[in-house]
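>>> Mind looking at a prediction? Sequence and model below.
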Amino acid sequence: MTAGEERLGAVGGLFRYPVKSLCGEGLEAADLTAAGVSGDRQWAFWDVARKEISNAKRSPPLLQIAAQSLENGHALLRLPDGSSVHTGAPDCAHTVSGFLGREVKLYGLRPASEKAHFARERIAPEKREAQMREVLGLLADEPLPDFSKLPREALLHTTVPGTYFDAAPLHVILASELKRLQESLSDTVVNALRFRPNIVIDDRAAPHSSESLIGATLQMGTARIKLDYLTPRCSMTTHAQEGLAKAPQIMRRLVQDWKHDFGLYGGVIQEGCIRRGDPVSRAAAA
C-alpha cells in the first residue's frame, strides 16, 4: 500500500456468472479486463414470446440452474434434477425451455449494433408500473427506486447493448453490509449469492458503507477498479436458488432500511489479476 492509500479490507469472495441470470461459480482468482471478470456473462437465453433477453426477475426458475465455465469458452449447465447440458450442445435451448415451461433461444454475446437483440419487451403504458413492481418485488404502497443514476442505455434496453450486464461490468458488495442485513433478518439466510456480486470486500474489521465508496478507486491484486454508483435491487434477491429459499422479506428490509440500494456498480480502470485474500485499498482523492 502506497502513501495516501486507505486499507479497506481484503477480497473476501470472487464470483463469475457464465450465463446471465443462472447461478454462477466461486473463484479463487480472476482476471479483470475492461469487460469485467473474464468469462462473466458470455451467454444469455432469449425469451421467444416476450422478444427480449431472459432474466430471473421475470423467469425465476433460471436461478435454479447452475452454470460453470469450460475451457473451450462454453459453459456446463446443471439442472435441479441433476441432469446437465452444455452451451455447445444442439439441444441446450430445448432442454432449458422444457425446464422453464416457455421457449427460449441461447445466444453468445452479440455486438452492440444488434439493437433488436437487446431491446425491452413492449409493454402498454397502463401496465408498465404494475410490471415494474413485479420485477422489482415491490408492494403497491412501496416507492419505486431512483433509476436516474443508471446509464441511459441500461434503462432503454434489457441489458447494456454489446453486453449481458444490467448496468455495469462489475458489481461489488461489502461484507459488513451483508452482516448488517443478516442481523436485521435473523430468520432468513442472507447470502452473498442472493446479490450476485463479482467481488465481496471483507471490510468487517473496519466497516464502511457503500455510499462512502461512490466514486472511489480501489487497488486489489494487480488491478484497479472504480466504483461509480449504488446498485438498485430487484426481486432476484428474494427468489429461491440452490440452498436458499424464497425470501420476499429481503425486499421489505431493503426498501425500508436501504432505500432499495445494496452494493455498487463499477468498472475496471487497470486490467490485472485479483485473488481471494488480496488486500483492498482506496486510492487517495486526486
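Nice, I can see it. The structure presented is a predicted model; accordingly, all values stated were derived computationally and were not measured.
>>> hey, where'd the strands end up in the stretch 1-150 of the chain?
Taking DSSP state E, counting those that start in this stretch as the test, the strands found in the stretch 1-150 of the chain are 6-16, 25-26, 29-33, 36-37, 43-47, 52-53, 66-69, 75-78, 84-86, 104-108.
>>> List the strands paired with the last one, with their directions.
The pairing partners recorded for strand 104-108 under DSSP bridges are strand 43-47 (antiparallel).
>>> Now do the helices in the stretch 51-200 of the chain.
92-100, 115-118, 125-136, 152-156, 175-184 (DSSP state H, counting those that start in this stretch).
>>> Would you mind giving the orientation angle of the first one with respect to strand 43-47?
Using axes from the mean of the first three to the mean of the last three C-alpha atoms, to 10 degrees, the interaxial angle of helix 92-100 with respect to strand 43-47 works out to 60 degrees.
>>> Quick check: closest non-adjacent residue to residue 105.
residue 46 (4.7 Å; C-beta to C-beta, 6 or more residues apart in numbering). In this view, the C-beta of every residue, glycine as well, is placed from N, C-alpha and C.
>>> now do residue 170
Leaving aside its sequence neighbours, residue 170 sits nearest to residue 266 (C-beta to C-beta, 6+ apart; 4.7 Å).
>>> quick one, phi/psi of the one you found?
phi -160, psi -170 (degrees, to the nearest 10).
>>> okay, which residue is most central for the protein?
residue 196 (4.2 Å; C-alpha atoms, centre = their mean).
>>> mind listing what it touches?
With contacts defined as C-beta atoms under 8 Å, 6 or more residues apart in numbering, residue 196 is in contact with 15, 17, 24, 171, 236.
>>> State the distance from it to residue 222.
Residue 196 sits 25 Å away from residue 222, taking C-beta to C-beta, to the nearest Å as the criterion.
>>> where does the chain have low pLDDT?
1-3, 285-286 (pLDDT under 70).
>>> Now do residue 45: how many residues are near it, please.
26 (other C-beta atoms under 10 Å).
>>> Verify the stated contact: it with residue 61.
No. Judged on C-beta atoms under 8 Å, residue 45 makes no contact with residue 61 at a distance of 11.2 Å.
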